[in-house]
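*Asks:* I would like to see how this sequence folds:
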Amino acid sequence: MAEISRGTEFLRITANVEAEGDAVRAAGMRYIQLPFYATLTSTMEPADPKAGALVEAFLEAVVDPANQPVYIHSAAAHRASGMWLIKRLRIDQWSVEKAVAEAEVIGITDVMREFALNYVKLHPRKQ
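*Replies:* The predicted model follows:
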């Protein structure tokens, strides 16, 4: 197993965030925990009023050169794949087809796919 000397790891919702953070820092990485749940209202806005701020914090963190390389995970990969889908569309400007195909390989769920695509539609890339 390769030793990890730097990087950033975040997104996981876990029962023991402190222990996970300690383990990540002990491996020489920065730990950012963004407790995120993807649920939508009937108007397709995030049900959690903090969701938009969490998405924006995620996007800022993953493009920050000081955080490279970035390791992203969630318990079942659906949050990680959904946030990565938003990044691919808003930051990397991938096509929807290419970005969704990648997210499906990672493990996106229907709810997270819907959340991510609607988030990008409602919050397009700032020029």
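*Asks:* show me where the chain has helices.
*Replies:* Remark: helices assigned in the chain by DSSP state H are 17-26, 51-63, 78-90, 96-106, 110-122.
*Asks:* list the buried ones in the last one?
*Replies:* Buried residues in helix 110-122, defined by neighbour count with 16 or more other Cβ atoms under 10 Å: M112, R113, F115, A116, L117, N118, Y119, V120. Every residue, glycine included, has its C-beta placed from N, CA and C.
*Asks:* next one: the shortest one
*Replies:* Using 16+ other Cβ under 10 Å as the test for burial, helix 17-26 gives E20, G21, V24.
*Asks:* pretty sure the first one contacts Y31?
*Replies:* Yes - under the contact definition of Cβ atoms under 8 Å, E20 touches Y31, with a separation of 7.4 Å.
*Asks:* tell me how far Y71 lies from A116.
*Replies:* As for Y71, its distance to A116 is 20 Å (criterion: Cβ to Cβ, to the nearest Å).
*Asks:* centroid-nearest residue for the chain?
*Replies:* In the chain, the centroid-proximal residue (Cα atoms, centre = their mean) is M83; its distance is 3.2 Å.
*Asks:* next, count neighbours for the closest residue to that one other than its chain neighbours.
*Replies:* Ranked by Cβ to Cβ, 6 or more residues apart in numbering and with sequence neighbours excluded, the top spatial neighbour of M83 is F58, at 5.1 Å. Counted by other Cβ atoms under 10 Å, the residues lying close to F58 total 23.
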